[in-house]
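A.B. asks: quick one: sequence plus predicted model below, questions after.
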Amino acid sequence: MLDAQNLTCVRDERVLFQALSFTVGAGDVVQVAGPNGAGKTSLLRILCGLASMEAGQVCWRDTPLRRDREGYHRELLWLGHQPGVKSVMTADENLRFFHADSDQQARWQALEAVGLVGYEDVPAAQLSAGQQRRVALARLWLSKAPLWILDEPFTALDVSGVEKLTQRFEFHAARGGMVVLTTHQPLRPMSCPLRCITLAPGVMEEGA
Ligand SMILES: Nc1ncnc2c1ncn2[C@@H]1O[C@H](COP(=O)(O)OP(=O)(O)OP(=O)(O)O)[C@@H](O)[C@H]1O
């Protein structure tokens, strides 16, 4: 469904990756790994159509992104490595901002799923770093997008937060969803196919 074809990315005259190809199919979870500066965020932003590349193309459902960006973005949920919440808004208002068609019950259930019962009406600025991250991640319980591209979603999460999120990935994949994520920590064995693409200077590997 998501098809990365011969991607080459150069930043500051340095080749981050070259002729990188892979596909992400229904039910796949793909981890992009590599040391700081290897190009993980750059790759994710290219996959989202948010950054340029020197060569290659990304296709979604056999169509190059440049031909139907709007259609692609309707099927994509992208969470960058910042907490991704608006600090003056409450947790509930943040979810309503991104999912205007959601009802309050669904939003509160999403907040409950990420362990934020009792924090629905608290401004994000008054939440801890991990709680702010959980507000952003609550979108994964509201979104109907089949493709999730997530940059370091585990950042600032405690052990229970990591486990809730991992279970959510398994749930999503079991329904034919797809997840592409970066993380510096190993993922536990999952009930769905998990692949790893490792970026490192001069190395590009794909492994199980
Ligand atoms: N817009 C840009 N302009 C110039 N250089 C950039 C740009 N974006 C990224 N880079 C450079 O590309 C390299 C890769 O950055 P990137 O953020 O993709 O790495 P990363 O693997 O996600 O790193 P980290 O694990 O630290 O998050 C870095 O050296 C960075 O300075």
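C.D. replies: Great, that's in hand.

A.B. asks: residues in contact with residue 132?
C.D. replies: 83, 85, 124, 156 (CB atoms under 8 Å, 6 or more residues apart in numbering). The C-beta positions use only the backbone N, C-alpha and C, and glycine is treated the same way.

A.B. asks: hmm, try it at 7 Å
C.D. replies: Remark: with contacts taken as CB atoms under 7 Å, 6 or more residues apart in numbering, residue 132 is in contact with 83, 85, 124.

A.B. asks: the second one reaches residue 124, doesn't it?
C.D. replies: Yes - taking contact to mean CB atoms under 7 Å, the distance of 4.5 Å between residue 85 and residue 124 places them in contact.

A.B. asks: for the ligand, what are the nearby residues on the protein?
C.D. replies: Residues of the chain lying close to the ligand by CB under 6 Å from any ligand atom are 11-12, 16, 34, 36-42.

A.B. asks: against which helices or strands is the biggest helix by length in the chain packed?
C.D. replies: Secondary structure of the chain per DSSP state H: the longest helix is helix 159-174. Where contact means 3 or more CB pairs under 7 Å, 6 or more residues apart in numbering; DSSP states H and E, helix 159-174 is packed against helix 129-137, strand 178-182.

A.B. asks: contacts for it, please.
C.D. replies: Residues contacting helix 159-174 (CB under 7 Å, 6+ apart): 27-29, 113-115, 130, 134, 137, 140, 148, 153-154, 157, 179, 187-188, 190-192.

A.B. asks: try it again with 10 Å
C.D. replies: 26-29, 77, 113-115, 130-131, 133-134, 137, 140-141, 143, 145-148, 150, 153-154, 157-158, 177-179, 181, 183, 185, 187-194 (CB atoms under 10 Å, 6 or more residues apart in numbering).

A.B. asks: show me those residues that map onto strands.
C.D. replies: 29, 77, 147-148, 150, 178-179, 181, 194 (DSSP state E).

A.B. asks: of those residues, select the buried ones using a ChimeraX command.
C.D. replies: The buried subset of the ones in strands among the contacts of helix 159-174, as determined by 16 or more other CB atoms under 10 Å, is captured in ChimeraX by this line:
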select :29,77,147,148,150,178,179,181,194
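
A.B. asks: quick revisit: adding neighbour count, secondary structure and distance to residue 73, write the residues of the chain next to the ligand out as a markdown table.
C.D. replies: Formatted as a markdown table, those follow (neighbours: other CB atoms under 10 Å; DSSP: H, G, I helix; E, B strand; the rest coil; distance: CB to CB, whole Å):
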| residue | neighbour count | secondary structure | distance to residue 73 |
| --- | --- | --- | --- |
| 11 | 12 | strand | 24 |
| 12 | 5 | coil | 28 |
| 16 | 24 | strand | 24 |
| 34 | 22 | coil | 26 |
| 36 | 6 | coil | 28 |
| 37 | 14 | coil | 27 |
| 38 | 20 | coil | 26 |
| 39 | 24 | coil | 22 |
| 40 | 26 | helix | 21 |
| 41 | 16 | helix | 18 |
| 42 | 21 | helix | 19 |
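
A.B. asks: just curious, which of those residues is nearest to residue 100?
C.D. replies: residue 41 (27.7 Å; CB to CB).
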